[in-house]
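Visitor: Pasting a predicted model and its sequence here:
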Amino acid sequence: GDINPRHRDNYDKLYGDGEVDEDRESNGQNNSSSISSSQRSFQAVSSNVLLVRAELTDFWRCTLQTNWDISHHYLLYPNPYPKKNRIKKRFYAHPSFPIILKLGGQITVRSNWEGYLKEFANSVVYAHEFYEKQKQEQEQEGDGYKYENIALPYYNNSLRGPKERINKTVAWTNFEKKYDDVSEKTYELIL
């Protein structure tokens, strides 16, 4: 599929134009901006949908820097890193977590571990409380409020928390299909 022309410049900045430079390729100097479309880690599904396989935290930074307008984020069965000493590897505890909030758009997270989704929702609540506290402190000091509460759009839904997936007619991932096939509960958090 084709990339929406509105996003073509940002897309090229992130992934290159996809043109293969035959001179560079024959000299073994091929780089990531000159890979063939069959080797790309993305696929334009339609004019407004781009399916991307990427290191998500880096992708979030790139999309923020290039001002992409993203309406939906889907975090499907992320590795929950269940050991406490690996908590910073979880998306909601990673230093890049504020970036997804700043990008905006609906965030859908699915997991077979309800606790992970509850912790994700709690992180949004904590972020909201942090930004509100910053606002109050700056107002008391007479400084204008400089920080946007990027968690505010997600706050009410985070208080509702995750719900068990009831409609299992279509599995979105192989993990989800595996869990559905053995009747294991799966959960969804929509922010």
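Guide: In hand now; what should we look at? Numbers count the residues shown, from 1 in each chain.
Visitor: So the residue most central in space within the chain: helix, strand or coil?
Guide: The centre of the chain sits closest to His73, judged by CA atoms, centre = their mean, with a distance of 5.0 Å. State at His73, reduced to three classes by DSSP: H, G, I helix; E, B strand; the rest coil: strand.
Visitor: That one against Gly104, yeah?
Guide: No. Applying CB atoms under 8 Å as the test, His73 and Gly104 come out as separate, 9.3 Å apart. From N, CA and C alone the C-beta is placed, and that goes for glycine too.
Visitor: just the helices in the chain please.
Guide: Ranges of helices within the chain are 8-15, 22-26, 56-65, 97-103, 114-141, 152-160, 174-181, based on DSSP state H.
Visitor: Would you single out the least confident of those?
Guide: The stretch with the lowest mean pLDDT among those is helix 22-26, at a mean of 33.
Visitor: Pro162 versus Trp113, what's the distance?
Guide: 10 Å (CB to CB, to the nearest Å).
Visitor: shared neighbours of these two, which are they?
Guide: Tyr187 (CB atoms under 8 Å, 6 or more residues apart in numbering).
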